[in-house]
Structure formats: structure tokens, C-alpha cells
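Chemist: Got a predicted structure plus its sequence, pasted below:
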Amino acid sequence: MRYLPLTDNDRRDMLGVIGATLPGVTSVDDLFRDVPKAARLEALVDLPRRKGELDVERHLSALAAKNVAADSVPFFVGGGAYRHHVPATVDHLIQRSEFLTSYTPYQPEITQGTLQYLFEFQTMVAQLTGMEVANASMYDGSTGCGEAVLMAHRVTKRRKAILSGTLHPQYREAVENLSGFAGDKVVSLPSALPGKTEDIISLIDDATSCVVVQCPSFFGELIDMRVIADAAHAKGALLIAVFTEVMSLGLITPPGEMGADIVVGEGQSLGNPLNFGGPYVGLFATRQKYVRQMPGRLCGETVDAAGKRGYVLTLSTREQHIRREKATSNICTNSGLCCLAFTIHLALLGEEGFRRLARINHAHAVQLAGLLGAVPGVEILNGSFFNEFTLRLPKPSAGVVDALVGKNVLGGIPVSRLIPGHADAENLLLVASTEINTDQDCETFAAALAEVL
Amino acid sequence: MSGMNRQGRPSSIETAVNDIEFSATHETFTGNRGLRLEEPLIYELDNPGACGVDLDEPDAFEPRLGGFERKGAIGLASLSEPDVMRHFVRLSRKNYSIDAGLYPLGSCTMKHNPRLNEKMARLPGFADVHPLQPQQTVEGAIELMAQLSHWLMELTGMQAVAMSPKAGAHGELCGMMAIRAALEARGEGASRTRVLVPESAHGTNPATAALIGYKVDEIPVKSNGRVDTEAFKAKLGPDVAAIMLTNPNTCGLFESDIIEIAAAVHEAGGYFYCDGANFNAIVGRVRPGDLGVDAMHINLHKTFSTPHGGGGPGAGPVVLSAALAPFAPRPYLVQTEEGARLIETAEASAADGTTPFGRMTAFHGQMGMYVRAFAYMLSHGSNGLRQVAEDAVLNANYVLASLRDELSAPFEGPCMHEALFDDRFLKGTGVETLDFAKAMIDEGYHPMTMYFPLVVHGAMLIEPTETESKQTLDQFIATLRDLARAAKANDISRFTGAPHYAPRHRLDETGAARNPVLRWQPTVPLKVAE
Amino acid sequence: MSDILYTDQHEWVQVDGDVATIGITDYAQEQLGDVVYVELPAIGKKLALGDEAAVVESVKAASEVYSPVSGTVVEVNDDLEGAPGSINEDAMGSGWFLKLELSDESELDNLMDEAAYKSFLASLG
């Protein structure tokens, strides 16, 4: 087998060495003698035998060919994962052996490469969100959101979270699930469609630990979080600001300037492909004073024995391998390679490139909104948006999206897929546009939509 | 070029040695030392006006931001593409990697990461599909999940699998949630509050149990490195929800009483969570389902070789027994006449009559890791995977047998996939486990796992994995024997100041924790928004 | 220093009137290594004997400090926040943790005096 270096001669020699110290060991089977007899598999499991590279490629390529890749059609799907152009440099660099096949940097003397980019990543996330500190990433935005709520409970010593109805429905479910098992209270508002305001403020009371608000909202609307932050702070509660499209932070007011105490979001848009939902990279930022309540890994600057600057994982007494059942979280990994991709992509963009790319995204979305809004029977619900907005169609959107597939257009997400069983949501369509969409794509989409309606 | 002739050969050994001594001590102007390059932070390379992408400003348009424009600078550095390339290439060269050498971290399974897996994961049909595309446009992706699920169930002898957990610890959480959901379904959610965890467990086990409100009760470990079965049975009672047990355990040993332990916890009305971190040792030879396991996560980045990537991303699918199968999270796969389909919402599960407990994460899990792991599984097949376990165990026992006279081992063999040593052989030498490990860095190796498991003093846990050759192991063994002899001969300087030859000497972790500096700060504050 | 009492958890208690000053012993700080952070209770908090009074963290370990007596927290050593190293440098002095107003002085009878603590340490090897 191509991945296994031992030859039969090696195995025989090695068994000889082992047998000399361990009486009774003459075969590999003897090495498994602690396994109860009843549980030893004598035969091979019922699966195909080994395959060469060519056969593996054929098998997997055949599966891949059954999927419609985003770049093969006009593509307008968002809802928490966005298709952006990733420069070739990113994928080249993250495949370097030293990054790809290194472990968590527990030996800082020989992992300064990883540690330094984590430090740069933390700085970038803090800057984008307008916060003081950020961690070295979470699994993704939704799990980060669940962890943010638990952190708010630790900070406030309260156990009730209020979730805005404009939070991504699957984020909401992930938070409800985690909090439910942790025994904490969650108050989830019903979905608030764009243009309608929800009264989250009147729900905040002295038992409230945090209010969770997404901006841009799941429906794409930009939300004034300042009034919510003020109301939360007046009751001793925290504001958790959520975003699913990190590109928006190049153009809109960062949550740190709107009073957020914890900011969590999805960083996939920078450096990471769609990957059918994962792996992604969760961004997590907060105020310096809460840093010891933060979950996840943190990288910090220090010096070595010769006085040279270097980096280490730090404040690890928060973590499970030391604190065990008293840890801030059970997390023992970050999204290393995905945050490297994020860091390289953002380094290539730089200040001007990132802001310009955000403007291009917004410009494309404005243009698309104009085209789609002109289709008879289609209504744009958003007052404001970044690169994603919600349409109301004259008929159920699920059928429309399926009909668009027939015209080779991936035309957004039927809101009913994520919020089923709500008459109000039945006809809503969530549409995203990024720099990848050409004028031609947008016109094709508008024409196809007009045809299927 | 004194001391060298024009062909680049030393004209005499003596002058060459003097030159070498000079080069080892003198400070260079740049701080670099040949190929060992210092690299500033990207912010210190800022070159305003430079940019690593070419983008045209959009034509004039009417913004729809509702007055929420970002004002003031973000503060990102500006660099051209070649400068970005160079920065990250230079950083990469400060890292150790499995591609460059043996990485014997016990319990981490640092094995070879085949590049075929990377190539497959980048097929546009996998990498460039959106999780919320209509299901009829992602049938191949769903089928891949179904095939991978089938392989995982066959290899473990279990009835169901929850694919969505994002990493091992997330899988543990998922498994423990399934156990709680099952207990609640039979009306014992409130009465069963205690989870039994051996003192040798990974920290994630107690952290996970505590996260969802369980009281953690430690089980002692016997002098042979296994759970004390009698002490465990004495702790069973009507308030026990589950036992969380790693098998093979963190001492690298198979829990020989495991079937008896499973039967006892089942008889007491609890469930058996198995931490599958060490599945690599038994894949293809032992099925956890045959041991009485109810739930087990599988770290795809360990057993199935998805790259560790400097700390992630991982993936932690959880296999479930028949008893727990109805309590998987959403989304989950169902087989229909038209093929596999994803059930995503509570409404859809109500329609198919199952009782999933909720959602671990947005979307469907770590697809990119599924492709890599499945490419690896297909490559090995049933026979190759069995050979994986056998060679992993053989390699570990070879290391144990070759070192146990010079180092000191706390337990009798055979071990499974990792060889555990303690620090008795260092007693009185002035060298501690940490120093010994740092000296390995100077010899060109990544150290083994240290001070874990906690039940062994000064533990050194070596997991060679099956992808190391005998020649590599022989060199490694010779190195460790030499280091052990040096320590016993009081050649302290090789240890206390080590590493001498790494990009950095030992770092001040105390200073880092007392005064956390977690980000770069501009020397001149950025303009703040009005 | 003979008025200082000790616990087998390596805490020290110095009583002045009905107020007890509490810290960890020199032996404890040596075992912990460099202290990097201390979490102290709120003033006014009531602690029963054995309650978690504080958490002390080194780079690699976190240990709870359990209250050796019952009482109400009247003062905490805020200086430790900026200078946790004083626990390593002067555990029995400037590295003190908190002051309790005693609610049951009879609990002091169960603590060790210096001689007893020394022989206890000796027994640990």
C-alpha cells in the first residue's frame, strides 16, 4: 500500500525485537492480545479493497460531476456563505507543507510561522470588527454564536439570552440547541421581515445576559444596533453582534462602533471556498476586559530567552486541557488553515483593496436589485442592504428556485427552506450578489425570473 | 573566502573550523542567519499605495446603506502580491511539519497527509458548491456523505452516524447530547445527572460533560494503566447518565475489561460514550459496536488523515448505536428511492417521524474534510485500513521495546498505537521531561506529547503512526537513547538551554500570560470616526 | 510569625481580632510556578468553610483556593491584578489574597500551627 512504508521484512525484524522484550509475542495478532476475543475481527470488514490513485480519482470525480458548481452558472446564493473570487496565491500558500501538515503550535520554538499568522489574524479581526481583541478563530459563525452566548452568561452571571428574529435561522437553532442543553434560557423573537421593526428592547430585563442581533440581518437589512446596545447596557446586559458576511465590514459601520460587547461572525468570504458548508472560519472578538472569559485559542506576543520577539499560545488556563470540567468551553481546536486563508486573502487586499471590493459587492447588489425590482410582480423588501436582499414574489419561492434551476440559474434561497411553515415567508426569496456576478449574469437572472413567474 | 580554495573546498580543516566558530557567534546585520530568516509582522511591512489585487472602482451608483457607511481607516497593511507571497513563505519556514519529519505527538496521530486528498477536495463539484443550493443540484455531494457514512458505520459496527460536528470535541458534545436526549425521551433526563470519567481522560471529556450540566465523577486508574473496573462499578447508580471512556486509552493501552464495563453501565441504565481519538489503533480489527459502545466520535483528521493545518479545521462525525440512532442532530441523511436526501428542519423531521434533538451548527458539516477522508478510505480499502492499525501498533511497540531499557516505561506491553514513558529515568539528572523534549528539537524532531496523561509522572507519549519507516524509527530510537545517556551523564547543557538551533529559544510564557498582548497596535493611533 | 495558622491545602490564615487574612503558602506558590492571574471574590461575599474563595492561575495550571474558615469578605488584595508575581516573591506577605470577617472562630482550632505544618510538609517528602 503506497502510504505504508513497512515491508514484510521490516515487520518480521521488528516483531523479533519486540518479542525479545515481551514474552509470547511472535505475531502482530499477539500485539492485540488485550482485545477481548469476542471483539477481534478475523475477517476484513465488508468494504471494497484498496484502490490506486487513478481509481480513487475516477470514483470521486464521478460524484463531483453530479453537482452544479457555482462557477458554471449565474449564481446568486448567499444566506451565510458567499462565493467570492479567491486569488491563486491563497490556495498555493495554504498548501505549503509547513502550514498544511503542522499541528497546533504547542511547541512555539518550531511553530512561529503558525503563531505569527494567528497574531496577524487576531489583529485583522479586531480591526474589521472595531473591537479590542479577537481569538484565533472558532469552527464557524454559528458555533461561535453559541459560544458567545455562553460567554455572556459567564460575564454577567445571568442565564437568559434574547435572540433577534432577524438572526440566521440556523444560527438561532444552533444557539437554542447549545443553550437548551446547558440549561440556559433563550427567548427567540419571531422572524422580523425587512421593513418591519421588532421590539427587542422591551424584552430586556434585569435577568437578561445578552441580546443577539445580526447586521446585515439574515434578510440583508442593516440594523441600527446602537439603540439596542444602549438599552442592553442600561440593564447590565451585553450586546452580541453577529454577521455572516465579513465583506460587509469593508463598507458598513463596524459593530464595535455600535456598542457591541462581543462580535461573532463567519469569515468564509475571505480566502475560503463554499465547500458545501464547511470547513469555514468563525470570527470572535470582544473587549479586552472580558478576555479571560473568552472561549477558544489565543495567541500572544512575548520574547524568547535571547530577548527576541516571538509568539505563544496564551491564557490557556481557560481551556479544557487544564481546566477540565471548569473550562470556558470544551473547544480544543480552531480553524487553523481556514484562518490562514483568511489572513492571506486580506493581506493581498489590504486597506484599499478590501474597501474597494466591498464597494464593488454593494454596487453589484444595487444593480441587481434594480433589475429584479423591475420584474413584474417582484417587490424588494429591504430599505437598506449590503450585498444581499429579500424579494417578495407573487408565488411560492421554492417552486420558483426549482424552475430557475431548469434555466441554469441558481437564483437564491427560498426563505421557506430555513423558515418553513410560515405563510409570510412562503413567497420570499433571499438573493446575494458579489463581485463574481457579471452584468450578463444579472440580466440572465432577471430575464429567467420574469419567465418563470 | 579565507580558508577556502577557488573550488569552494576548505584549504585546511583548521581554518575552516575557526570560520565555523566565528559564524556561530557573530551577529549579522539583518538578524538573519543564512536560510534562517527573521520576518516582521505584516503591519510592519505596510507600503501605503501598494495592493495585492487589481480591482476597478465601480461606476457611480446610489448606495443603499441607510446611513451606515464605515468611516475612518480600518488599519490594514497594504502590500503587493510578491511581498505577501514572500511574507507567508518566510513564516512557513519557521514551522515543523509532518512532511518534513517524524511528528511523534501522542494522541494526535500525525500521519502522512496524501496530496490526492487535497486534489479531490478542490474539485469544483465539491469545493464550489453552496450548502443551500437546491438539493437536486448537489446530489453528488449528498451521495458522498452517504457513502462516507456507510464506511464509518461498517468500520465501527454502529447503526447511524451524525455527520455535522465540526471537530472531535464538537462530536463529543453531539454524542453526549444524544445521550441526554435519549434519557429525556424515557423520562430520566432529570434524574440521571452524573457522568463517570476516568482520571486519565482527555480534558475535553469532563469539559464536554460539564458544558451540558452533568456532574463529573472521576474513576481511578489502576497501576496497569486501565480503568479500575471495581471502583467504576461501585460508582454506578440510578443517577448515572453515562461513562465516557477513551479506548484504546490515553496510556496507549486497550481497556481489556471494556465489554464488562459496557454491560455494567447498560445494566445500570446508562450509556457508553467512547472517545474515538485513538481509533487509528484498531480500525479494521475491532469494531466499537462489538464492544457495547453507544456513541463515539471519529476525528477524521487523525484516523483518516485530513491535514491538521496548524490547528484545524477538524471534523468529528459521531457514530451511534441502535439505542441512540433516533436521537441524532439535524441535518441528517435519509435514503429514498431517488437516493440520499438531507433532512434539514424540524418540520421535515416531524414529517418523517424521527426525533432529532436540534442543530449543532449551520449547514451540514465539514464537507471539505469528508472528501479528503473518503479519498483516504477509498485508497486504503478494507485491507489497507486493517494494515494501518497493524502497522501503527507494530511501530509503537517497536519504539517501546527499543527504548524501555534506556528510558522508563510505566506499564507492561504490548501497547497499542502509542508508547508511554515516564520520567523515572531522569531522576537525579537535573533534566526534566520538558528539557528532554526541547533537546529533541535540536536533534531535528518535534517533541512527543508531554505531561499527558496526567496519571503518569512526567509523561512522554510517543505515537509514531503507521506512515513511518523502520529506518526513520531506528534513527529516532538512536537519538532518544543518546539523549537519555547524555542526561544520565549529566551533560546538562544539551537540555537546559534547549533548543539552541530552532528559530526561537524558549519563550516567556509567564510574561505573555501576565501581560497579554493579543494584537499589533499602531504606534500612531488611527483616525477615529466622527 | 507564630500567630499564623495553616491548612493541609497549603493556605495560611493570620487572625487579627475577628478578621482573618488569607493567602497561599510559600510551598504552594513553588508548586504552582509563576502565577499569572488571580481571581478574587467580591467584597461582601459570604463564604462557608470549604467554599471556593479564589482561583490562582499559573501558565500551566489553575487551582481553586478554598476558604479555610467561614466569614464575610471585607477586603481583597487588588494589587495582585497588576502584580500577580508578588505571590511568588512574597506569598506570606504582599501576596495575600483576601480578608474575612470570621463568623465562627472555633473553626480556627482545626488549623495547624507552624510546627505542625512544617512536619506536614516533611511528610509529603
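Modeler: Received, thanks.
Chemist: the strands in chain C, which residues?
Modeler: Here chain C has its strands, by DSSP state E, at C:4-6, C:11-16, C:19-24, C:35-39, C:46-47, C:52-58, C:62-66, C:71-76, C:98-102.
Chemist: Repeat that for chain A.
Modeler: Listed in chain order, the strands of chain A (DSSP E) span A:133-134, A:160-163, A:185-188, A:208-214, A:238-243, A:262-266, A:282-286, A:299-303, A:309-313, A:379-380, A:388-392, A:413-414, A:428-432.
Chemist: Contacts for the longest one, please.
Modeler: Here strand A:208-214 makes contact (Cβ atoms under 8 Å, 6 or more residues apart in numbering or on different chains) with A:145, A:148-149, A:152-153, A:155-156, A:158-164, A:166-168, A:171, A:175, A:200, A:204, A:223, A:225, A:228, A:231-232, A:235, A:237-244, A:261-262. (C-beta placed from N, C-alpha, C; glycine too.)
Chemist: what about the stretch 1-150 of chain A, any weak spots by pLDDT?
Modeler: Counting by pLDDT under 70, the stretch 1-150 of chain A shows no low-confidence range.
Chemist: Count the neighbours of residue 37 for me.
Modeler: You didn't say which chain, so I picked chain A. 7 (other Cβ atoms under 10 Å in any protein chain shown).
Chemist: Actually, chain C is the one I wanted.
Modeler: By other Cβ under 10 Å, the residues close to residue C:37 number 20.
Chemist: ok, back up a step: quick one: closest of the strands of chain C to residue A:285.
Modeler: Among the strands of chain C, the nearest to residue A:285 by Cβ to Cβ is strand C:35-39 (21.0 Å).
Chemist: Compare the strands of chain C and give me the one nearest chain B.
Modeler: Between chain B and the strands of chain C, the shortest gap by Cβ to the nearest Cβ is with strand C:35-39, which sits at 3.7 Å.
Chemist: So is that closest one next to chain B?
Modeler: Yes - figure legend: strand C:35-39 in contact with chain B (Cβ under 8 Å from any Cβ of the partner chain); contacting residues C:36-37.
Chemist: can you give me the helices in chain A?
Modeler: A:8-21, A:28-31, A:53-64, A:88-94, A:97-100, A:112-129, A:141-156, A:169-182, A:225-234, A:320-323, A:336-373, A:397-406, A:415-418, A:439-452 (DSSP state H).
Chemist: looking at the ones you listed, which is closest to residue B:268?
Modeler: Ranked by Cβ to Cβ, the member of the helices of chain A that lies closest to residue B:268 is helix A:169-182, at 22.2 Å.
Chemist: Just the residues contacting that closest one, thanks.
Modeler: For helix A:169-182, the external contacting residues (Cβ under 8 Å, 6+ apart) are A:80, A:141-143, A:145-147, A:149-150, A:161, A:163, A:167, A:185-186, A:188, A:191, A:212, A:214, A:218, A:242, A:244, A:418-419, B:177, B:180, B:211-213, B:329-330, B:357-363.
Chemist: List only buried entries from the residues you listed.
Modeler: Under a neighbour-count criterion of 16 or more other Cβ atoms under 10 Å in any protein chain shown, the subset of the contacts of helix A:169-182 counted as buried comprises A:80, A:141-143, A:145-147, A:149-150, A:161, A:163, A:167, A:186, A:188, A:191, A:212, A:214, A:218, A:242, A:244, A:418-419, B:177, B:180, B:211-212, B:329-330, B:357-363.
Chemist: can you tell me how far the residue nearest to residue A:266 when sequence neighbours are not counted sits from residue A:335?
Modeler: Among residues not flanking residue A:266 along the chain, residue A:141 sits closest, at 3.2 Å (Cβ to Cβ, 6 or more residues apart in numbering or on different chains). Between residue A:141 and residue A:335 the distance is 11 Å, computed by Cβ to Cβ, to the nearest Å.
Chemist: pretty sure residue C:69 is touching residue C:108, no?
Modeler: Yes - contact criterion Cβ atoms under 8 Å: residue C:69 and residue C:108 qualify, at 6.5 Å.
Chemist: Common neighbours of the two, please.
Modeler: Between them, residue C:69 and residue C:108 share these contacting residues under Cβ under 8 Å, 6+ apart: C:13, C:20, C:102.
Chemist: Quick check: the residue nearest the centre of chain C vs residue B:211, distance?
Modeler: Centrality entry for chain C: nearest residue to the mean C-alpha point is residue C:23, 2.4 Å, by Cα atoms, centre = their mean. Using Cβ to Cβ, one gets 32 Å for the distance from residue C:23 to residue B:211.
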